[in-house]
Structures are given as C-alpha cells and as structure tokens.
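A.B. asks: Compute the structure for the input listed below.
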Amino acid sequence: MEHRPSLDPAVAQTRLAVRTALADTRPGAVVVALSGGADSLALAAAVAFEAPKRGQTLISATIDHALQPGSAEVAEAAARQAEDLGMEARIERVQVQGEGGPEAAARTARYAALARVAADADAAAILVGHTRDDQAETVLLGLARGSGATSLQGMAAASELDGIPLLRPFLDLPRTATAAACRAQGLQPWHDPQNEDPAYARVRVRQRVLPMLEAELGPGIAEALARTAEQLREDAEAFAEMIDETIEDIVEHAEAGISVSVAALAANPAALRHRIIRHVVGSEFGQSLTRTQTVTVARLITDWAGQGPIDLPGCQARRDGGRIVFTAAGRPL
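C.D. replies: Numbering: from 1, shown residues only. Modelled structure (predicted):
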C-alpha cells in the first residue's frame with residue numbers, strides 16, 4: 001500500500017480553521033486580504049485548498065498603501081504567489097489620509113478597498129488573517145487606553161463589511177502556526193519592516209509588553225487575553241439584546257433631539273443604564289462617549305441637584321422633569 005506523507009500539523013490547523021469559517025457561506029467568490037506576510041499567505045493557501053471544494057472561486061486582494069519604498073514590488077510579489085495558488089490576484093492602490101494617525105488611516109483605506117473588490121465580485125465572504133496574537137495585542141491596547149468593554153472585546157471572528165461577511169478564521173491560532181504553515185508549504189512570506197518599528201504602539205506591545213508578561217506571569221498570556229475578549233463579546237451581545245428590548249419603551253423623539261425616561265433608567269442597573277446612554281448618543285448623533293462623560297450624564301438621573309446642561313460630543317444633555325433630553329449641538333434647549 002502506498003504510503004501518503006502525513007500532513008503538517010500547522011497546515012492542518014489552518015485548513016480546519018478556514019473550513020469551519022466557510023461552512024455557512026454561500027457559493028460564489030471569496031476574497032482573501034493578502035499582504036504577503038505569513039498570516040495572510042497561510043490564509044490564502046488554506047482558502048485555496050478549501051474553497052474550491054465548496055464550489056467557491058478565489059480572489060486575492062493586495063492593498064498597496066504606498067507608504068514604504070518598494071511597496072509596489074511587494075504587492076506584485078504577493079499577487080504572483082496568489083496566482084501560483086490558483087487565485088485571481090488583484091492589487092488595489094490607495095491613498096492613505098484622514099484623522100487618527102497613519103495606522104488608523106491605513107486601516108480605513110484598506111477596508112474600503114477590500115469592500116470595493118468584494119462588491120465588484122459579489123463575494124460570499126472576505127477573509128483576513130488576524131491571529132490570536134493580534135487579538136491579544138488589540139485587547140492590551142484597548143486596556144491601556146481605558147476604552148472600556150467595547151475595545152476589550154477585540155476583533156470578532158465573524159462580522160460584516162458593507163453587508164458582506166468578514167471572517168477571521170485564525171483568531172484561535174497563534175502566529176507561530178501561520179509561520180509554520182508557510183514553511184511546510186514552501187511559501188515565502190514578506191516581512192514588513194513596520195512590524196519591527198517600535199514607533200508603533202502595537203509593535204511595542206508585541207516586542208516588549210507581551211514577552212514581559214509571559215516572563216513574569218507564565219506562558220499562555222495571549223491565549224488568556226483572547227479568551228477574555230471572547231467572554232466580553234458574549235456579555236456585550238447579551239447587553240445589546242437587553243438594550244434593544246428596553247429602549248423602545250423608554251425613548252421618545254423630542255422636537256430637537258431625543259429623550260429618555262428618568263424613571264426607567266433609574267430602575268436599571270448602572271451597567272445597563274450607562275450602555276443605554278451611550279447607545280442613544282451613538283445611534284442618534286453618531287458620537288462615542290467616554291466613561292467620564294457617560295457617568296456625568298448618569299448623575300442627571302441618580303444625583304439630580306438642578307445641574308444645568310452637559311456638553312457632549314455632537315450634542316447636549318439636560319434633565320427636563322422626568323426625562324433626559326439629548327439635543328444636537330447648536331440647537332436651542
């Protein structure tokens with residue numbers, strides 16, 4: 001009997017993760033975000049193996065941000081490896097500009113380009129190669145910024161980008177697995193020099209903070225942080241359902257904004273009360289509140305002493321009898 005070589009464990013892990021992620025997707029094209037790095041290259045190889053078995057066609061999307069010398073050559077090299085894997089390779093060149101620093105602006109431009117490629121192809125899904133280590137870094141950065149539970153939830157394994165499923169199959173896999181999968185399959189990943197640049201907070205977390213935590217607290221920190229993110233996401237989903245059930249009964253549209261029942265907010269636990277306040281401001285005015293701003297508004301309910309209107313991003317809040325009224329900034333109260 002012919003002996004078949006055993007499948008490398010890392011390759012098997014990546015393929016199983018992709019197979020699981022694609023299980024509920026419809027037939028059609030799948031778009032893989034391919035930078036040429038080990039994570040995205042291992043993802044492309046796994047998708048190239050799994051998706052055709054489901055009757056799905058393959059597209060790689062390499063986004064050239066033009067932020068580094070030689071970026072066009074890097075994009076071309078990634079595209080050639082995608083073609084070797086049997087994919088239709090596309091390169092999108094974008095201009096990176098906007099608020100929030102270069103990392104945030106690059107991310108915005110990148111996801112906008114991915115959405116365009118996916119929409120043009122009527123794609124069944126977009127896949128990106130974030131790993132468990134990326135998740136741990138995201139959670140630590142959110143914790144350092146005091147961003148609250150929303151940031152600590154990290155990245156979702158499945159979400160949407162402009163109505164198209166956005167999947168992250170590798171969130172349960174360590175970065176070492178994607179590197180090993182590339183080696184086992186003879187793939188040549190690109191090593192982004194920005195991933196070694198300590199000017200970036202994420203790089204400092206990767207190179208200094210996580211290793212220090214591992215050394216001082218023991219191994220498994222990245223896995224524990226990713227597990228924490230998953231648990232917080234479950235909690236957030238439960239809170240979101242509670243808010244949806246509650247908010248219709250306690251919110252009314254006012255002449256110049258929106259109002260919320262004081263009695264109903266007072267009857268809820270502080271955690272739910274604060275989430276309702278943030279939800280109202282976010283959905284009505286498109287703004288996010290800090291913890292301090294949220295608590296200040298909550299005092300109009302729990303510690304009412306006749307205080308005046310509170311200035312918030314994009315709006316003002318005031319107490320009017322038995323209601324908290326939120327009014328767009330610049331509108332008369």
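
A.B. asks: Please enumerate the helices of the stretch 151-300 of the chain.
C.D. replies: 175-184, 201-204, 210-217, 221-250, 262-267, 270-285, 291-302 (DSSP state H, counting those that start in this stretch).

A.B. asks: can you count the residues close to residue 25?
C.D. replies: Burial measure for residue 25: 18 neighbouring residues, criterion other C-beta atoms under 10 Å. Where C-beta positions appear, they are placed from N, C-alpha and C, glycine not excepted.

A.B. asks: contacting residues around it?
C.D. replies: Contact analysis of residue 25 by C-beta atoms under 8 Å, 6 or more residues apart in numbering lists 54, 56, 124, 125, 165, 167.

A.B. asks: Kindly reformat the residues you listed as TSV containing pLDDT and distance to residue 247.
C.D. replies: Listed next are these as TSV, based on pLDDT from 0 to 100; distance: C-beta to C-beta, whole Å:
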residue	pLDDT	distance to residue 247
54	95	39
56	96	39
124	97	33
125	97	31
165	96	27
167	98	30
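
A.B. asks: ok, and the most crowded of the residues you listed?
C.D. replies: residue 167 (28 neighbours).

A.B. asks: Show me which strand runs longest in the chain.
C.D. replies: In the chain, taking DSSP state E as the definition, the longest strand is strand 57-64.

A.B. asks: Please work out which residues outside that strand touch it.
C.D. replies: By C-beta under 8 Å, 6+ apart, strand 57-64 touches 28-36, 44, 47-48, 51-52, 71-72, 74-75, 78-79, 82, 85-94, 109-110, 113-114, 117-118, 121, 123.

A.B. asks: which of these count as buried?
C.D. replies: By neighbour count, with 16 or more other C-beta atoms under 10 Å, the contacts of strand 57-64 hold 29-36, 44, 47-48, 51, 74-75, 78-79, 82, 85, 87, 89-92, 94, 109-110, 113-114, 117-118, 121, 123 as buried.

A.B. asks: Name the nearest residue to residue 116, sequence neighbours excluded.
C.D. replies: Computed as C-beta to C-beta, 6 or more residues apart in numbering, the closest residue to residue 116 that is not its neighbour in sequence is residue 92, at 7.1 Å.

A.B. asks: Actually, residue 252.
C.D. replies: Nearest residue to residue 252, sequence neighbours excluded (C-beta to C-beta, 6+ apart): residue 259, at 5.2 Å.

A.B. asks: how about stretch 190-205: buried residues?
C.D. replies: 190, 201, 202, 205.

A.B. asks: residue contacts, residue 140?
C.D. replies: If you count contacts by C-beta under 8 Å, 6+ apart, residue 140 has them with 205, 209, 210, 225.

A.B. asks: tell me the least confident of the residues you listed?
C.D. replies: pLDDT across those is lowest for residue 225, at 89.

A.B. asks: My guess is that residue contacts residue 136. True?
C.D. replies: Yes. In this structure, residue 225 is within contact of residue 136 by C-beta atoms under 8 Å, at 4.0 Å.
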